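In: What follows is a protein structure lacking sequence information:
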């Protein structure tokens with residue numbers, strides 16, 4: 001007896017964008033049996049990846065949680081949680097170890113052992129080649145792309161594809177190729193785009209006195225107020241610039257500040273320079289130091305020690321200069337202590353999108369399903385920063401790239417239990 005076996009068609013998939021999410025989607029789909037072609041409009045893959053973690057590439061974070069992400073979608077946190085669970089931080093580490101990348105962990109942050117982002121990019125490109133993925137560089141897909149709606153396939157040049165995965169990035173770090181072109185492709189299929197705004201950026205002020213602190217790095221607590229209401233809090237090393245404030249605590253709160261400023265709201269930041277100290281203890285110390293220095297050894301009068309020198313040793317000298325400038329008149333312990341624990345800065349601007357670490361905004365999550373397939377066009381998938389999802393500092397945005405790339409690649413290849421074309 002002859003048994004007839006129907007052979008499943010091998011799916012043909014195009015991935016637009018050879019960044020972190022695009023390469024993960026391509027590798028996942030190819031491993032699932034699909035024929036995969038990646039189109040990259042720059043001359044090399046993973047250019048933005050090379051800049052992450054100050055060139056060291058913070059791959060992921062062991063303290064992974066959906067609450068560290070933002071989206072304009074009403075049910076965004078649940079969808080993000082589901083995508084992360086499908087390929088979590090442990091699976092990410094296992095994947096990279098499998099393809100030959102050693103890693104190490106520091107306080108939850110995971111980096112390549114080489115401390116070189118280029119090695120992460122290179123092992124991904126190598127795995128694409130091993131998996132049989134074809135990568136076409138210097139290719140602008142937009143004028144070449146067609147969609148044969150009646151037939152249900154996509155055409156790029158003369159090549160037909162069953163599925164299309166858009167992993168073109170957002171509009172941050174434009175020089176890396178993340179120029180927003182993916183949004184224009186998404187719009188062709190009817191998708192709406194949440195206004196792209198800069199995420200993970202410095203915050204600026206128009207108050208000139210803050211320039212006194214330019215160059216200072218200080219461990220501090222930062223609290224953000226919008227229209228007088230507390231909207232967020234973060235601790236860590238602040239960096240003061242000629243324009244305002246930077247550093248990880250600033251980046252973590254910048255999304256709220258940027259969106260609030262875009263809505264015309266009043267934004268202020270409160271800086272506590274001595275977050276880990278008790279305020280009453282510091283007040284007593286300041287009071288005691290202000291009282292010292294009028295008389296020398298054995299009671300002999302000497303030239304009075306200036307107030308700044310009396311306070312030296314408590315915080316950075318530039319911070320002391322700033323606080324003394326703010327007190328202006330009588331330097332009282334209560335005034336100095338108050339400013340050490342609560343100095344307000346009016347936020348009037350922020351870093352531009354071209355130099356932001358991530359884009360806040362993008363393709364609406366409401367318009368994709370749990371597999372990141374378009375609800376408007378069957379066979380169209382999204383992965384990475386092109387979606388309206390952005391995370392805080394610490395490897396969270398790259399984890400979204402790995403997780404969403406995996407989800408889109410797996411679903412497009414039909415290896416998630418869905419019916420293939």
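Out: That came through fine. Computed from a predicted model, the values in this text were never measured in an experiment.
In: Please count neighbours and contacts with C-alpha atoms only from this point.
Out: Noted.
In: Run through the stretch 151-300 of the chain and note the low-pLDDT ranges.
Out: 177, 293-300 (pLDDT under 70).
In: ok, the residue lying closest to residue 187 once chain neighbours are set aside - contacts?
Out: Excluding its sequence neighbours, the residue lying closest to residue 187 (Cα to Cα, 6 or more residues apart in numbering) is residue 193, at 7.7 Å. When contacts are counted by Cα atoms under 8 Å, 6 or more residues apart in numbering, residue 193 touches 183, 187, 361, 362, 363, 364.
In: Okay, residue 193 and residue 180: tell me how far apart.
Out: Counting by Cα to Cα, to the nearest Å, the gap from residue 193 to residue 180 is 11 Å.
In: Spell out the residue ranges of the helices in the stretch 201-350 of the chain.
Out: 248-262, 279-290, 307-311, 317-327, 333-341 (DSSP state H, counting those that start in this stretch).
In: buried residues in the first one?
Out: Going by neighbour count (16 or more other Cα atoms under 10 Å), the buried part of helix 248-262 is 248, 249, 250, 251, 252, 253, 254, 255, 256, 257, 258, 261.
In: chain center to that helix: distance?
Out: Distance of helix 248-262 from the chain centroid (Cα atoms, centre = their mean, to the nearest Å) equals 12 Å.
In: Could you list every helix and strand in contact with it?
Out: For helix 248-262, the packing partners by 3 or more Cα pairs under 8 Å, 6 or more residues apart in numbering; DSSP states H and E come out as strand 193-199, strand 217-226, strand 229-240, strand 267-272, strand 349-350.
In: got the ones you listed as a markdown table, with distance to residue 384 columns?
Out: As requested, the helices and strands packed on helix 248-262 are exported to a markdown table (distance: least, Cα to Cα, whole Å):
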| stretch | distance to residue 384 |
| --- | --- |
| strand 193-199 | 14 |
| strand 217-226 | 28 |
| strand 229-240 | 26 |
| strand 267-272 | 30 |
| strand 349-350 | 24 |
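In: Of those strands, give the one that comes closest to residue 23.
Out: Comparing the helices and strands packed on helix 248-262 by their distance to residue 23 (Cα to Cα), the top pick is strand 193-199, with 23.1 Å.
In: quick one: buried residues of that closest one?
Out: 193, 194, 196, 197, 198, 199.
In: do stretch 394-411 as well
Out: For stretch 394-411, by 16+ other Cα under 10 Å, it's 394-411.
In: again with stretch 222-231
Out: Buried residues in stretch 222-231 (16+ other Cα under 10 Å): 222, 223, 224, 225, 226.
In: Excluding chain neighbours, what is closest to the last one?
Out: Just to be clear, that refers to residue 226. residue 267 (4.7 Å).
In: Bridged to that neighbour, which residues?
Out: In this entry, residue 267 is beta-bridged to residue 226, residue 347, by DSSP bridges.
In: same thing with residue 166?
Out: residue 16, residue 382.
In: Now do the contacts for it.
Out: By Cα under 8 Å, 6+ apart, residue 166 lies in contact with 15, 16, 17, 22, 182, 380, 381, 382, 383, 386.
In: do you know how far the third one is from residue 166?
Out: Distance check for residue 17 against residue 166: by Cα to Cα, it reads 7 Å.
In: try residue 119
Out: From residue 119 over to residue 166 (counting by Cα to Cα), the distance is 24 Å.
In: Of all the helix elements in this structure, which one is longest?
Out: helix 396-413 (DSSP state H).
In: tell me what that helix is packed against?
Out: Helix 396-413 packs on helix 20-31, strand 60-61, helix 76-86, helix 89-98, strand 163-166, strand 380-382, going by 3+ Cα pairs under 8 Å, 6+ apart.
In: what's the angle between that helix and helix 89-98?
Out: Per axes from the mean of the first three to the mean of the last three Cα atoms, to 10 degrees, the angle that helix 396-413 makes with helix 89-98 is 80 degrees.
In: how far off helix 20-31 does helix 396-413 point, in degrees?
Out: 30 degrees.
In: so how far is helix 396-413 from its chain's centroid?
Out: 16 Å.
In: what's the angle between it and helix 76-86?
Out: 70 degrees.
In: tell me, how many neighbours does the nearest residue to residue 50 once chain neighbours are set aside end up with?
Out: Nearest non-adjacent residue to residue 50, counting by Cα to Cα, 6+ apart: residue 117, 5.0 Å away. Neighbours of residue 117 under the rule other Cα atoms under 10 Å: 24.
In: Report the contact partners of residue 117.
Out: Taking Cα under 8 Å, 6+ apart as the test, what residue 117 contacts is 49, 50, 51, 52, 53, 55, 56, 57.
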